[in-house]
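Peer 1: Pasted the sequence and its predicted model underneath.
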Amino acid sequence: MAHRVSKLLAATGAVLTCISIPSYAAVNGLTEQDEFNIKLRSIYFDRDYDNDASDDSTFAQGIELNYTSGYINDLLSVGVSTYTVMNINSTGSAAGNILPAGNESGGVDDSFSKFGQYFLDFKLGKNGHVKVGGQKTRSMLLKSSGSRAIPNTFRGVFGDYKIGNTKLYGYVYDKWSRRHDERWEDFSTDQSAPGAISVIWGIGATHKKDDITLEAEYLNSHNYLSKMGLKISYDIKLEQSKLTLSTGIFTSQDDGDLFVTGAESGDLDDEDAPGALTGLTKSENDGFAYYLDADWKKDIWSVGAAFTKVSDAWIEDNFSGDHGTNPFPTRSLIGADLTNQNEATWQARFGIDLKAVSPGLTTKFYYTSGSDAENSALGKLAGTADEKYWAVDTRYKVEKIKGLSLRWLFVDYTTEKSGSVDGVKGDRADHRVYLDYTIKF
């Protein structure tokens, strides 16, 4: 422990030495619009499972150094980010959570570093750009997760272009780097060799006019899975308050030879089908789900409710190791997807801005209940389940210290299950604490 703390103090000292240079000092960059920031994230996870032997915790330090130049000759920008994560203390089987596996069974590596982003950004006039290289991404069906010490990133091309009130975008990626280790790797399924999925690509559009927002996206995980999504939201301005109504429709579908039994081992039950051979038998998915959501805000208060209905199981993960991008408001804040076959899910939420206590302090409470989930291969005959969770998400943006924020997230997830429903997980309670400090130059 003392050795780990000494490493943390040494690294933090190096960072503080860098930021001790006055922010107004002359720094020769590529352009006057260059941006450089250092993001420090102290992160603590504590996971308490129904089986005590599975409990784990991790306390770690993440360091991001992010540089982006201004546009050179109003055409080209350059960006690079280095990511470092250091273990301070870990217990139980914490490998693959925030840090990669170590030499001891269930243990984690002391630290790792990598180039998390490296890209060229080409400006397309005043209305668009094309980014080439390793980068963070964010769209309806694919995004870089921000829930660990560092984000996961993707290598490839992303571009967008705005025409009036509509923005068109597209992307194609051939590698990714996970949020808990230093490697850049090819895409695969849970049964294929690395690189079997040659690319992940997608196209989409967003349209905003007055109080209406429409979003649509198509994603293809080559020779494996395809998805489509459509969301519509409408803001209704009431006297001293606002009501936002939204709905969304989403599909997932098997789309190639790679979609075999066990290719999505975490959420489908296709191994239960008669005669199915893991890794060999062709499997199928025709996922369909929709949601309805209402959110009302007035002064310091917010109240919301949502409903999601799934027919055939909707698959969240786009490839093996992906923790998915879940567009449903009823999703669990940690863990389960709540998109199992025939599942119906209700959610109620309540938020309050505690600025009277301290400016920048907010908290939100969630209660979500999913019922009638079924085995995705054989239906109710092979398994049924109900799942629910309640959660508290408290955030504090410190007004007097620019760039400093804190977050505490607690989720308690419980289930009642008979038979086999792989998408419904075991009972667990999670505490997550984040302390973020970003220094901009």
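Peer 2: Arrived safely, thanks for sending. Residues are numbered from 1 along each chain as shown.

Peer 1: residues of the helix or strand that contains Trp176 that come out buried?
Peer 2: With secondary structure defined by DSSP states H and E, Trp176 is part of strand 166-177. Neighbour counts over strand 166-177 (16 or more other C-beta atoms under 10 Å) mark Lys167, Tyr169, Gly170, Tyr171, Val172, Tyr173, Asp174, Lys175, Trp176, Ser177 as buried. Just so you know, the C-beta spots here come from the backbone N, C-alpha and C atoms, and that holds for glycine as well.

Peer 1: Over to stretch 351-358?
Peer 2: For stretch 351-358, by 16+ other C-beta under 10 Å, it's Gly351, Ile352, Asp353.

Peer 1: quick one: the helix or strand hosting Tyr396 to chain centroid distance?
Peer 2: Using DSSP H and E, Tyr396 maps to strand 379-397. Here strand 379-397 shows a centroid-to-chain-centroid distance of 17 Å under the convention C-alpha atoms, centre = their mean, to the nearest Å.

Peer 1: tell me which residues of that strand are tucked away?
Peer 2: Here strand 379-397 shows Ala382, Gly383, Thr384, Ala385, Asp386, Glu387, Lys388, Tyr389, Ala391, Asp393, Tyr396, Lys397 as buried, counting by 16+ other C-beta under 10 Å.

Peer 1: How about stretch 201-210?
Peer 2: Neighbour count says stretch 201-210 has Trp201, Gly202, Gly204, Ala205, Thr206, His207 buried, by 16+ other C-beta under 10 Å.

Peer 1: Stretch 408-428 too?
Peer 2: Using 16+ other C-beta under 10 Å as the test for burial, stretch 408-428 gives 409-411, 413, 415, 417, 420-425, 428.

Peer 1: what about stretch 329-341, start to end distance?
Peer 2: 17 Å (C-alpha to C-alpha, to the nearest Å).

Peer 1: For stretch 104-112, output the C-alpha coordinates as CSV.
Peer 2: C-alpha atoms of stretch 104-112 as CSV (Å, rounded to 0.1, in the frame of the first residue of the first chain):
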residue,chain,number,x,y,z
GLU,A,104,-2.1,-12.7,-8.9
SER,A,105,-5.4,-14.4,-9.3
GLY,A,106,-8.2,-11.8,-9.2
GLY,A,107,-5.6,-9.0,-8.7
VAL,A,108,-5.0,-6.0,-10.9
ASP,A,109,-1.9,-4.3,-12.5
ASP,A,110,-0.4,-1.4,-10.6
SER,A,111,-0.7,1.0,-13.5
PHE,A,112,-0.8,1.5,-17.2
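
Peer 1: ok, and what's touching it?
Peer 2: 4, 7, 56, 58, 84-87, 90, 92-95, 97-102, 181-182 (C-beta atoms under 8 Å, 6 or more residues apart in numbering).

Peer 1: Average pLDDT for that stretch, rounded please.
Peer 2: Taken as a whole, stretch 104-112 carries a mean pLDDT of 82.

Peer 1: And that stretch, what's buried?
Peer 2: By neighbour count with 16+ other C-beta under 10 Å, stretch 104-112 contains the buried residues Gly107, Val108, Asp109, Ser111, Phe112.

Peer 1: likewise stretch 314-331?
Peer 2: 314-320, 322-331.

Peer 1: and what of stretch 266-283?
Peer 2: In stretch 266-283, counting by 16+ other C-beta under 10 Å, buried: Asp267, Leu268, Asp269, Asp270, Glu271, Asp272, Ala273, Ala276, Ser283.

Peer 1: that older thread, ok, so of the buried residues of strand 166-177, who is nearest Ser376?
Peer 2: Of all the buried residues of strand 166-177, Trp176 has the smallest distance to Ser376: 26.1 Å, by C-beta to C-beta.

Peer 1: so how far is stretch 147-163 from its chain's centroid?
Peer 2: 12 Å.

Peer 1: Same check on stretch 223-231?
Peer 2: Worked out by C-alpha atoms, centre = their mean, stretch 223-231 lies 17 Å from the chain centre.

Peer 1: what sits against the residue lying closest to Asp186 once chain neighbours are set aside?
Peer 2: Distances taken as C-beta to C-beta, 6 or more residues apart in numbering put Gly195 closest to Asp186, at 3.7 Å, once the chain neighbours are dropped. Each residue near Gly195 by C-beta under 8 Å, 6+ apart is listed here: Asp186, Phe187, Ser188.

Peer 1: Among these, the buried ones, what's the ChimeraX command?
Peer 2: Only the buried entries of these go into this ChimeraX selection, using 16+ other C-beta under 10 Å:
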select :186,187,188
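
Peer 1: hmm, which of the contacts of stretch 104-112 are the buried ones?
Peer 2: Neighbour counting with 16+ other C-beta under 10 Å marks 4, 7, 56, 58, 84-87, 90, 92-95, 97-101, 181-182 as buried within these.

Peer 1: With Asn97 as the reference, measure out to the residue nearest the centre of the chain.
Peer 2: Note on the chain: the residue nearest the mean C-alpha position is Ser145, at 3.2 Å, using C-alpha atoms, centre = their mean. To Asn97, Ser145 is 12 Å away according to C-beta to C-beta, to the nearest Å.

Peer 1: Over to Asp272?
Peer 2: 29 Å.

Peer 1: what sits opposite Asp293 in the beta ladder?
Peer 2: Ser246, Ala306 (DSSP bridges).

Peer 1: Isn't it up against Pro327?
Peer 2: No: applying C-beta atoms under 8 Å as the test, Asp293 and Pro327 come out as separate, 10.8 Å apart.

Peer 1: ok, Asp255 - contacts?
Peer 2: Applying C-beta under 8 Å, 6+ apart, the residues near Asp255 are Asn220, Ser221, Asn223, Tyr224, Leu225, Ser226.

Peer 1: OK, contacts around the second one?
Peer 2: If a contact means C-beta under 8 Å, 6+ apart, then Ser221 has Phe187, Ile197, Ile200, Asp255, Asn318, Phe319 as its contacts.

Peer 1: My read is that the second one contacts Ser226, right?
Peer 2: This means Ile197. No: counting by C-beta under 8 Å, Ile197 does not reach Ser226; the two are 12.0 Å apart.

Peer 1: higher neighbour count, the two?
Peer 2: The neighbour comparison of Ile197 against Ser226 (other C-beta atoms under 10 Å) goes to Ile197, with 23 against 19.

Peer 1: now the more buried one: how far from Leu378?
Peer 2: Taking C-beta to C-beta, one finds Ile197 at 28 Å from Leu378.

Peer 1: Any figure for the gap between Phe36 and Lys380?
Peer 2: Phe36 is 57 Å from Lys380, by C-beta to C-beta.
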